[in-house]
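J.: What would the 3D arrangement of this be:
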Amino acid sequence: MTRHGVLIVGVGSIGERHLRCWQATGRADLCFCEPKEPLRSQIAQRYKIVHHYGSLDEALADHPRRFDVAVIATPAPQHIAMATQLVRAGVHALIEKPLSLTGDGILELMELVRRQGVVAAVAFTYRSHPALEDMKRALDTGRFGRPVEVVSVWGQHFPTYRPAYREIYYATRAMGGGIIQDLLPHAINAAEWLVGPVDRLMADAAHLVLAEVDVEDTVHVITRHSTGVLGCYTANQYQAPNENSITVICEDGTARFDLNRACWQSMTVPGGPWQNEFQFSLERDDIFINQANRFLDILASKAAPACTLSEGMQTLRVTLAILDAVENPGWRMVSREDGDLSNA
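T.: Next comes the predicted model:
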């Protein structure tokens, strides 16, 4: 089994999780870069990482001796510039979601990836969740007939699970904050994977509860997908129960993914019982470890990217359309023309 040197770019909350989970694969030699010196020392000591850097430029001076893979876990506005720098140096890149906050530089990055012959993907973790992967396989066989509707419900008490939300990127839309850019892309990306890309949508959102921030914490979206599926998405970041479900309703049955029960279930008899189809560990790290292993398998030519740059760009288009629909109510078309992330 080939071992890879892996650079984690940014070791804040999500970056530390990536570092821990890539380390857990047993297939990677880790290094990281982090501009905040106290955090850099703390992470190096906690995970016994010898090689760490204060900037990406400093890290690249050690390439290719130390790493050939990078995980970009910095705030979203930095993703494309950093990925471009790494790919230009011949480094494979896994980019945290969202891919970016605008379309600037994405097509150029895709072309650079092609020319350099490296692998690049977007880290939408639900694409690597074994239960959701298994549900997609079942839907794709036609077992439940034609999908006609998708309903996605998400909620969590942010002050409990992300108490630092006031001080991090989340507090500012320009840094990727607010539920539309932070949480909702997970739901949109997973649903598009299951039932096809969104063609048009309407949306409403508001800041209702979270203290000391002005960004929206509640969003409702209705969609039409290119496959004819109608969609409904609702999410908030203050309710007491953890709720993360995606239900795909088909002509001959229904499939439901439930993250918090770490399973997917089906029902084909009206009013009958749910059938448990696939159970997965409840540990959140397991999904990230699975994602890391999946990316390493790609490099060994054993698998396709879980989420390509093109798919990540499509989810960005939907996100931008939602933001626009909230500010200017009405239906929004989601363009899929290369180079055009605007919304008619």
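J.: Tell me the spacing between Ile72 and Arg173.
T.: Here Ile72 is placed at a distance of 20 Å from Arg173 (CB to CB, to the nearest Å). Bear in mind the C-beta positions are built from the backbone N, C-alpha and C, glycine included.
J.: between those two, who's got more neighbours?
T.: Between Ile72 and Arg173, counted using other CB atoms under 10 Å, Ile72 has the larger neighbour count: 27 against 18.
J.: Which strand residues bridge that one?
T.: Note on Ile72: beta-bridge partners by DSSP bridges are Val9, Ile95.
J.: in what helix or strand does His220 lie?
T.: strand 218-225 (DSSP states H and E).
J.: Paired strands for the next helix or strand after that strand, with orientation please.
T.: Moving toward the C-terminus from strand 218-225, the first helix or strand encountered (DSSP H and E) is strand 230-236. Partner strands for strand 230-236, per DSSP bridges, with pairing direction: strand 147-155 (parallel), strand 218-225 (antiparallel).
J.: Which stretch among the ones you listed is buried most, on average?
T.: Highest mean neighbour count among the strands paired with strand 230-236 (mean count of other CB atoms under 10 Å): strand 218-225, with a mean of 21.
J.: And the contacts of it?
T.: Contacts to strand 218-225, defined as CB atoms under 8 Å, 6 or more residues apart in numbering, come from residues 150, 179-180, 184, 191-192, 195-209, 230-237, 318, 322, 326.
J.: dump the residue contacts of Gly231.
T.: By CB under 8 Å, 6+ apart, the residues touching Gly231 are Glu149, Val150, Val151, Ser152, Ala191, Val195, Val198, Val221, Ile222, Thr223, Arg224, His225.
J.: if you set the cut-off to 10 Å instead, what comes out?
T.: Contact analysis of Gly231 by CB atoms under 10 Å, 6 or more residues apart in numbering lists 149-152, 187-188, 191-192, 195-196, 198, 201, 221-225, 248.
J.: so where's the stretch 201-344 of the chain shaky on pLDDT?
T.: The model of the stretch 201-344 of the chain has pLDDT under 70 over residues 336-344.
J.: how about the helices of it, start to end?
T.: Under the criterion DSSP state H, counting those that start in this stretch, helices of the stretch 201-344 of the chain are mapped to 284-299, 309-327.
J.: Give the burial count for the residue nearest to Pro77 when sequence neighbours are not counted, as a bare number.
T.: The shortest distance from Pro77 to any non-neighbouring residue, by CB to CB, 6 or more residues apart in numbering, is to Leu101 (5.8 Å). For Leu101, the neighbour count with other CB under 10 Å is 20.
J.: what about Leu101, which SS state?
T.: Put simply, Leu101 is coil when judged by DSSP: H, G, I helix; E, B strand; the rest coil.
J.: re the thing from before, ChimeraX command to pick out the buried ones of the contacts of strand 218-225?
T.: Buried residues within the contacts of strand 218-225, by 16 or more other CB atoms under 10 Å, are selected in ChimeraX with:
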select :150,179,180,184,191,192,195,196,197,198,199,200,201,202,203,205,231,233,234,235,236,237,318,322,326
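J.: which residues does the residue nearest the centre of the chain contact?
T.: Nearest residue to the geometric centre of the chain (CA atoms, centre = their mean): Phe124, 2.5 Å. By CB under 10 Å, 6+ apart, the contact set of Phe124 is 96-99, 185-186, 188-190, 192-193, 291, 306-307, 311-312, 315.
J.: mind checking pLDDT for it?
T.: pLDDT for Phe124: 97.
J.: and what of Ser41?
T.: 97.
J.: Quick check: it vs Glu16, distance?
T.: Distance from Ser41 to Glu16, by CB to CB: 13 Å.
J.: Looking at those two now, which is surrounded by more residues?
T.: When neighbours are counted by other CB under 10 Å, Ser41 and Glu16 differ, and Glu16 comes out ahead with 20 against 12.
J.: residues touching the residue nearest to that one when sequence neighbours are not counted, list them.
T.: Distances taken as CB to CB, 6+ apart put Ile43 closest to Glu16, at 6.3 Å, once the chain neighbours are dropped. With contact taken as CB under 10 Å, 6+ apart, Ile43 is in contact with Ile8, Val11, Gly12, Gly15, Glu16, Leu19, Arg20, Phe32, Glu34, Lys36, Ile49, His52.
J.: Pick out the most distant pair among those residues.
T.: Arg20 and Lys36 (18.0 Å; CB to CB).
J.: So these two - more neighbours on which side?
T.: Neighbour count, other CB under 10 Å: between Arg20 and Lys36, Arg20 has more, with 18 against 13.
J.: The more buried one contacts Phe288, doesn't it?
T.: Yes: applying CB atoms under 10 Å as the test, Arg20 and Phe288 come out as touching, 8.1 Å apart.
J.: count of neighbours near Ala61?
T.: Residues near Ala61, counting by other CB under 10 Å: 11.
J.: hang on, I meant Gly145
T.: Gly145, neighbours per other CB under 10 Å, totals 13.
J.: okay, now the domains of the protein?
T.: Domain assignment for the chain by automatic domain parsing gives 4-123, 128-281+314-333.
J.: between the ones you listed, which one is nearest to Leu296?
T.: That would be domain 4-123 among these, by CB to CB, at 5.4 Å.
J.: Compute the first-to-last residue distance for that closest one.
T.: End-to-end distance for domain 4-123: 18 Å, by CA to CA, to the nearest Å.
J.: now do stretch 86-96
T.: Stretch 86-96 has its terminal residues 14 Å apart, counting by CA to CA.
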